[in-house]
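Need coordinates for the following:
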Amino acid sequence: MKQIESEEYKEIQKKRLMKLIEMEDGLFEINGWLSVGDVKENYRKRKFES
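From the prediction side, this is the model:
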């Protein structure tokens, strides 16, 4: 895979992730393993620690 393609793929995944978080629906899964609830929880922890 070319570097550019992989960078574009990361961007798409990031945008998809942000959309799911905006929906505030923990039932959605990203790539079948990462739930939005987990992402939000990790984000809260990181925010709290900093």
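
pLDDT below threshold where in this structure?
Residues of the chain that meet the criterion pLDDT under 70 lie in 1-2, 23-37, 50.

show me where it has helices.
When assigned using DSSP state H, the helices of the chain occupy the ranges 3-23, 36-49.

TSV for those, including mean neighbour count?
Using the backbone N, CA and C atoms, a C-beta is placed for each residue, glycine as well. As requested, these are exported to TSV (neighbours: other C-beta atoms under 10 Å):
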stretch	mean neighbour count
helix 3-23	11
helix 36-49	12
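
what about residue 5, distance to residue 15?
Residue 5 sits 16 Å away from residue 15, taking C-beta to C-beta, to the nearest Å as the criterion.

can you check residue 43 too?
For residue 43, the distance to residue 15 under the criterion C-beta to C-beta works out to 16 Å.

same check, this time on residue 44
Counting by C-beta to C-beta, the gap from residue 44 to residue 15 is 21 Å.

Repeat that for residue 4.
Residue 4 sits 17 Å away from residue 15, taking C-beta to C-beta as the criterion.

And residue 3, by the same measure?
Per C-beta to C-beta, residue 3 is found 19 Å from residue 15.

what does residue 45 give?
Remark: distance between residue 45 and residue 15 (C-beta to C-beta) = 23 Å.

for residue 38, same thing?
Counting by C-beta to C-beta, the separation of residue 38 from residue 15 is 18 Å.

isn't residue 39 right up against residue 17?
Yes. Using C-beta atoms under 8 Å, residue 39 and residue 17 qualify as a contacting pair, with a distance of 6.8 Å.
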